[in-house]
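Novice: sequence below, structure please.
(chains A and B)
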Number of protein chains: 2
Amino acid sequence: MHRAAGWVLRGVRNPPKTRSRSGTARSPPRGLVYGQHGEPSAVVQLKDLEEAKLGGSDVHVKMLAAPINPADINVIQGTYPILSPLPAVGGNEGVGEVLEVGQHVVALKPGDWVIPASTGLGTWRTRGVFPEEMLLKVPRDIPVLCAATLSVNPCTAFRMLSDFESLAPGDSIIQNAANSGVGQAVIQIAKASGIKTINVVRDRPDLPKLVETLMALGADHVITEEMLRKPEMKDLFKSIPKPRLALNCVGGKSTTEMLRHLQPKGTMVTYGGMAKQPVMVPVSAFIFRDVRLRGFWMTQWRKDHAQDPAALTSMMDSLCQLIRRGQLTAPACTEVPLQDYQAALEAAMKPFISSKQILLL
Amino acid sequence: MHRAAGWVLRGVRNPPKTRSRSGTARSPPRGLVYGQHGEPSAVVQLKDLEEAKLGGSDVHVKMLAAPINPADINVIQGTYPILSPLPAVGGNEGVGEVLEVGQHVVALKPGDWVIPASTGLGTWRTRGVFPEEMLLKVPRDIPVLCAATLSVNPCTAFRMLSDFESLAPGDSIIQNAANSGVGQAVIQIAKASGIKTINVVRDRPDLPKLVETLMALGADHVITEEMLRKPEMKDLFKSIPKPRLALNCVGGKSTTEMLRHLQPKGTMVTYGGMAKQPVMVPVSAFIFRDVRLRGFWMTQWRKDHAQDPAALTSMMDSLCQLIRRGQLTAPACTEVPLQDYQAALEAAMKPFISSKQILLL
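Specialist: Down below sits the predicted model:
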């Protein structure tokens, strides 16, 4: 009885305050907690969490699955610009099922699936109580791995394809780090819209397999960083127009080379910097080709659109429709039981990992 | 009689075709001609030019004054992206007085002052015949040196202050190369609009004098590149807001440092690259501060607005009004007789020259 103490029992004692799907006692929630910033393998531990009290505007969620994203690692290392107060539960993305809702909650009910509406939720846990406004309902008829990986990468891809250039079928875009989670979503969303993609990846031992994977997703061209620099690139542009949009997740040389192929007055959007090098642009590209350089951060977009829920709903509807039609799939995933989190964290930090680690909760 | 042969005499023989202010015979036009690309001192020569025939849509112009701009040097060197067919007369800016107009010309008459409507006119000459559409009328009540230097630098400054951020009185902008022709125009146009300017210049022996000059033009702050890097910069931002617009004519370190002080979601416009180094931007500035990088080239603006003459007229009206009110003056000029062009070309290419060379024609 001791381990099952807390708000669940109190919830049972106060049925009018909460609507619970199940009144049975549960084991306490567990989560991946870090008490200080540092290397994830050193600072993250699986711990029992306190049962939180369900307030009137709160929602009790049983988490189902949550990915380990690169940004999650940076948050734990303390190098991300937004950090949670310590100790904190890791993870910013995932999907859960609503168990109970507070008396003032009307938009969610037990059984609904929810994903984080913003960053910092701490998704690497079995259960949690969250304010309603931190959650976003998603349909239950999409695969759980799609739902678990919906709120960051596909949203980032969707917005970058929508918000910077008005692209029409037949137009092309170019992106580096094309096999990243965002990159794969870009390929699929662009394909569904009739937009051609030129996808730049780093050379690697299993390159043909990667090319095949990306082509199967709908990529029109997959090239290596080295090919990007070669004069043969002009042959490629005999069959498709020069891109009006470039998506940059690398920095350094890769970015400069990619920029050379952008149409005049085209836009390059930087959303990551895997090479840990600055973006370098010849002055002439600005003056004589009028290229436009922007940045994108999904977290900022959510903040900027906090008062415009329709924008978020409309995007989610579009993405879920693509998922149902089979036009948008989850990235290649490795599903890992929660207790094997150490292996998952290590795998997530290895270079050339094309498979996303997903914690099963 | 031989030297006075050509269209002037033909003009006199065919008075119905042209309206001439003066029918007297003239010495042939002379101009600074280059037959090949190379260092100006080696390839530019003062030569007699052929009298051109005045077509129905042409305008015969007596040039009054024309500056030597950095871009003119690059055109002669062959390093500019738009080059004239060779042999060519140098110079892209200046003011002239209309002597005669062809029978179809209605918007100009003898006595009018004109400036180039686009680049490539070849303004370093005593007289010339140009198609009407290559000329733009300017009022005669502004100083000749203002008119001669109106079509490039003040227009560039005006557009950069208007087209990228909507600035209100009290807002601030930051610019490097602040003592350039554009820089001085930026200071004055911003001052007239109540916009504060932070002006970055290179350290130099006569720095106090330069600071005094720029402050007299209306600069709010003048700082060196070195000061830009110091923590004391934050004291400056106690009295004025962080800039929403940065104007970059340098590249390299100067640009990166300037960018650090830009407001989130602010815009940096690159219009020159004096340091001959690329623009370098940390990836984080794009992602977490949402800075926007653009370029500006007056030549491209003119092309883009070729079908929108009202935009050009409106800008010219605004600039001439500022000139009449004494709020926009010509940059510091050294007036040089045409025959001393070698000295003028050499002076125009020296570093740290704050005075613009103006050829008197």
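
Novice: going forward, measure contacts and count neighbours with C-alpha atoms only.
Specialist: Noted.

Novice: and A:H37, what does it touch?
Specialist: Residues near A:H37 by C-alpha atoms under 8 Å, 6 or more residues apart in numbering or on different chains: A:43, A:75-78.

Novice: quick one, which of the residues you listed are buried?
Specialist: Listed as buried from the contacts of A:H37 are A:75-78; burial here means 16 or more other C-alpha atoms under 10 Å in any protein chain shown.

Novice: list, out of the residues you listed, those positioned next to chain B.
Specialist: The subset of the buried ones among the contacts of A:H37 within reach of chain B, by C-alpha under 8 Å from any C-alpha of the partner chain, is empty.

Novice: closest one of these to A:S239?
Specialist: A:V75 (42.8 Å; C-alpha to C-alpha).

Novice: can I assume that closest one sits in a helix?
Specialist: Yes. Note on A:V75: a helix contains this position according to DSSP: H, G, I helix; E, B strand; the rest coil.

Novice: that one: what's it in contact with?
Specialist: A:V75 makes contacts with A:37, A:82-83, as judged by C-alpha under 8 Å, 6+ apart.

Novice: who in chain A is up against chain B?
Specialist: By the criterion of C-alpha under 8 Å from any C-alpha, the positions of chain A lying close to chain B are A:81, A:251, A:270-273, A:277-288, A:290-297, A:300.

Novice: in strands only, show me these.
Specialist: With strands identified by DSSP state E, the entries of the residues of chain A next to chain B that belong to them are A:270, A:279-281, A:292-295.

Novice: so how far is A:L121 from whichever residue of the stretch 1-150 of chain A sits closest to chain B?
Specialist: Proximity to chain B, evaluated over the stretch 1-150 of chain A using C-alpha to the nearest C-alpha, is greatest for A:P81 at 7.6 Å. As judged by C-alpha to C-alpha, to the nearest Å, A:P81 and A:L121 stand 16 Å apart.

Novice: and what of A:W297?
Specialist: In this structure, A:W297 lies at 17 Å from A:L121, with C-alpha to C-alpha as the measure.

Novice: equivalent analysis for A:Y80, please.
Specialist: For A:Y80, the distance to A:L121 equals 15 Å [C-alpha to C-alpha].

Novice: next up, the contacts around the residue of the stretch 1-150 of chain A closest to chain B.
Specialist: Applying C-alpha under 8 Å, 6+ apart, we find A:P81 in contact with B:F288.

Novice: phi first, then psi, for it.
Specialist: Geometry field for A:P81 lists phi and psi as phi -70, psi -20, criterion degrees, to the nearest 10.

Novice: ok, now A:K350?
Specialist: For A:K350, the backbone dihedrals (degrees, to the nearest 10) come out as phi -80, psi 140.

Novice: type out the PyMOL command that picks the buried ones from the ones in strands among the residues of chain A next to chain B.
Specialist: One line in PyMOL is enough to select the buried ones among these; burial here means 16+ other C-alpha under 10 Å:
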select buried, chain A and resi 270+279+280+281+292+293+294+295
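
Novice: from the centroid of chain A, which residue is nearest?
Specialist: Within chain A, the residue whose C-alpha comes closest to the C-alpha centroid is A:V152; the distance, by C-alpha atoms, centre = their mean, is 2.5 Å.

Novice: and chain A, what are its domains?
Specialist: Domain ranges of chain A: A:2-149+A:330-360, A:153-299, per automatic domain parsing.

Novice: go through chain A and flag its longest strand.
Specialist: Under DSSP E, the strand in chain A containing the largest number of residues is strand A:58-67.

Novice: who does that one pair up with?
Specialist: Strand pairing for strand A:58-67, using DSSP bridges, gives strand A:95-102 (antiparallel), strand A:127-131 (antiparallel), strand A:356-360 (antiparallel).

Novice: format the ones you listed as CSV; extra columns: mean neighbour count, distance to A:D48 and mean pLDDT.
Specialist: Below are the strands paired with strand A:58-67 laid out as CSV (neighbours: other C-alpha atoms under 10 Å in any protein chain shown; distance: least, C-alpha to C-alpha, whole Å; pLDDT from 0 to 100):
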stretch, mean neighbour count, distance to A:D48, mean pLDDT
strand A:95-102, 26, 18, 98
strand A:127-131, 21, 11, 97
strand A:356-360, 25, 16, 94
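
Novice: so what's the backbone phi/psi at the nearest residue to A:R30 once chain neighbours are set aside?
Specialist: Counting by C-alpha to C-alpha, 6 or more residues apart in numbering or on different chains, A:R30 lies nearest to A:D48, which is 4.3 Å off, once chain neighbours are set aside. Dihedral pair for A:D48: phi -70, psi 140, per degrees, to the nearest 10.

Novice: so what's A:D48 up against?
Specialist: The neighbourhood of A:D48, defined by C-alpha under 8 Å, 6+ apart, consists of A:28-31.

Novice: can you rerun that using 10 Å?
Specialist: Going by C-alpha atoms under 10 Å, 6 or more residues apart in numbering or on different chains, A:D48 touches A:3, A:27-33, A:125-126.

Novice: one more: A:Y34?
Specialist: Contacts of A:Y34 were listed using C-alpha under 10 Å, 6+ apart, and they are A:40, A:42-47, A:76-77, A:86-90.

Novice: how long is stretch A:74-86 from one end to the other?
Specialist: According to C-alpha to C-alpha, stretch A:74-86 extends 15 Å from its N-terminal end residue to its C-terminal end residue.

Novice: for the longest strand of chain A, the distance to its chain's centre please.
Specialist: Strand A:58-67 sits 16 Å away from the centroid of its parent chain (C-alpha atoms, centre = their mean, to the nearest Å).

Novice: what about A:G122, which helix or strand?
Specialist: For A:G122, there is no enclosing helix or strand under DSSP states H and E.

Novice: show the pLDDT at it.
Specialist: Model confidence at A:G122, given as pLDDT, is 96.

Novice: just checking, it touches A:V95?
Specialist: No. A:G122 lies out of contact with A:V95 (C-alpha atoms under 10 Å); the separation is 11.5 Å.

Novice: tell me the pLDDT at A:Y80?
Specialist: According to the per-residue confidence, A:Y80 scores 89 in pLDDT.

Novice: quick check: chain neighbours aside, which residue is closest to it?
Specialist: Here the nearest residue to A:Y80 in space, its sequence neighbours aside, is A:N74; by C-alpha to C-alpha, 6+ apart that works out to 5.3 Å.

Novice: correct me if wrong: that neighbour contacts A:E39.
Specialist: Yes. Under the criterion of C-alpha under 10 Å, A:N74 is in contact with A:E39, at a separation of 9.2 Å.

Novice: quick one: the helices in chain A?
Specialist: With DSSP state H as the criterion, chain A has helices at A:7-13, A:40-43, A:70-77, A:144-148, A:153-163, A:181-192, A:207-217, A:225-228, A:233-239, A:253-260, A:283-289, A:298-304, A:309-324, A:341-348.

Novice: most tightly packed of those helices?
Specialist: When the helices of chain A are scored by mean count of other C-alpha atoms under 10 Å in any protein chain shown, the highest mean neighbour count falls to helix A:181-192 (a mean of 25).

Novice: for it, give the mean pLDDT please.
Specialist: Summarised as a single mean, pLDDT over helix A:181-192 is 96.
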